[in-house]
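Participant: Turn this into a structure:
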Amino acid sequence: MKVYLIDTNIFLRYLVKDNQAQAQKINQLFLTAKQNQVKLITTTFIMNEMAWTLKSFYKLNKIKVVEKMELILNFPGIKIRDYFNLKQAVVAYKQKNVDLVDIFTYQTAKKYQAAILSYDRDFDKLDPKIRKEP
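Facilitator: Below is the predicted model of the structure:
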């Protein structure tokens, strides 16, 4: 079964629906996960980044942010999985022009043999084959 690690921007497209074409593709992906056709994982760091973006960029109040987080956390086809090696992450952060949270995401994806579903091309700097778009 294919395993995908869901990045922040995928959740945001799904929750905010500011790009209808992307939101529809993501909705279809989530339905396939609900039917156990694919396995979806994400990380605590991504959930934190999603909450921060919903509050700071989209200006949602705390109650709305929590509602959106609970929607993801209670979705039957998505599991939270965390794995990172901080020493290795710091070395990669020093060498590559990518965010630290992207390095943690990359490490988790490698650990769980997952492709990263994201529109963020920075993952391509870590491994050009790991990132997929829905």
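Participant: the longest helix in the protein is where?
Facilitator: Ranked by number of residues, the top helix in the chain under DSSP state H is helix 20-34.
Participant: backbone phi and psi for Ile116, please?
Facilitator: phi -90, psi 120 (degrees, to the nearest 10).
Participant: Quick check, pLDDT for it.
Facilitator: Looking at Ile116, its pLDDT reads 98.
Participant: Quick one: the strands in the protein, in order.
Facilitator: For the chain, the strands defined by DSSP state E occupy 3-6, 39-42, 78-80, 115-117, 131-132.
Participant: Distance to Phe104 and mean neighbour count added to those strands, as CSV?
Facilitator: C-beta here means a position set from N, CA and C on the backbone, and glycine is covered the same way. Shown next, in CSV, are these (distance: least, CB to CB, whole Å; neighbours: other CB atoms under 10 Å):
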stretch, distance to Phe104, mean neighbour count
strand 3-6, 11, 23
strand 39-42, 12, 22
strand 78-80, 13, 15
strand 115-117, 11, 21
strand 131-132, 15, 18
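Participant: so can I have a markdown table of those showing distance to Ile103?
Facilitator: Formatted as a markdown table, the strands of the chain follow (distance: least, CB to CB, whole Å):
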| stretch | distance to Ile103 |
| --- | --- |
| strand 3-6 | 13 |
| strand 39-42 | 16 |
| strand 78-80 | 18 |
| strand 115-117 | 12 |
| strand 131-132 | 13 |
